[in-house]
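sequence plus predicted model, see below.
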Amino acid sequence: MISVTEWQKIGAGVTGFGIFFILFGTLLYFDSVLLAFGNLLFLTGLSLIIGLKKTFWFFFQRHKLKGTSFFLGGVVIVLLRWPLLGMFLEIYGFFSLFKGFFPVAFSFLGNVYNIPFLSESNNSWLPQLFRRLQGTSSMV
């Protein structure tokens, strides 16, 4: 069993609040204060969950510098009260940073057809969609 420390629990809560504020700021027509607060909470929560050293190592790997620059540049642009441009930069940076994770996530979701509710005959397209989206790229 995996043990979860108190700091990781706090980090999960802070990250959840960060995602909530980002979504709420987006719903309120890109409110720059809510988006900036959500960005800061998200990055703080991520640092609490995986640690400062691992967070720094994740963002500043050589092959992830482009995504990191767009993501953190978007955060800075949002903090400077240009929320629409900043969020577009953040979204591009987010997809660039986590592009190696998406095939794994879709592979996991492709196996979800074993769950009774999702394996009904009227929902048979869902596992096929996830299998198609998972692709063949590897994490290496």
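Looks like it arrived, so ask away.

what sits against the residue most central in space within the chain?
Nearest to the geometric centre of the chain sits residue 94, at 6.6 Å (C-alpha atoms, centre = their mean). Going by C-beta atoms under 8 Å, 6 or more residues apart in numbering, residue 94 touches 67, 71. Glycine gets a C-beta too; all of them are placed from N, C-alpha and C.

how about a cut-off of 10 Å?
67, 70, 71, 74 (C-beta atoms under 10 Å, 6 or more residues apart in numbering).

please apply the same query to residue 41.
13, 14, 15, 16, 17, 18, 19, 20, 21, 22.

can I get those in CSV with secondary structure and pLDDT?
Shown next, in CSV, are the contacts of residue 41 (DSSP: H, G, I helix; E, B strand; the rest coil; pLDDT from 0 to 100):
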residue, secondary structure, pLDDT
13, helix, 96
14, helix, 97
15, helix, 96
16, helix, 96
17, helix, 97
18, helix, 97
19, helix, 95
20, helix, 97
21, helix, 97
22, helix, 95
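
can you lay out the contacts of residue 94 as CSV showing distance to residue 59 and secondary structure?
Output for these, formatted as CSV (distance: C-beta to C-beta, whole Å; DSSP: H, G, I helix; E, B strand; the rest coil):
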residue, distance to residue 59, secondary structure
67, 9, helix
70, 11, helix
71, 8, helix
74, 13, helix
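
filter the residues you listed to the buried ones?
Using 16 or more other C-beta atoms under 10 Å as the burial test, those include 67, 70, 71, 74 as buried.

any stretches of this protein with poor pLDDT?
109-131, 133-140 (pLDDT under 70).

could you measure from residue 76 over to residue 40?
As for residue 76, its distance to residue 40 is 11 Å (criterion: C-beta to C-beta, to the nearest Å).

between these two, tell me which one has more neighbours.
Taking neighbours as other C-beta atoms under 10 Å, residue 76 and residue 40 compare with residue 40 leading, 16 against 13.

wait, what's in contact with the closest residue to residue 14 other than its chain neighbours?
Closest residue to residue 14 apart from its sequence neighbours, by C-beta to C-beta, 6 or more residues apart in numbering: residue 45 at 3.5 Å. Applying C-beta under 10 Å, 6+ apart to residue 45 gives the contacts 8, 10, 11, 12, 13, 14, 15, 16, 17, 18, 19.
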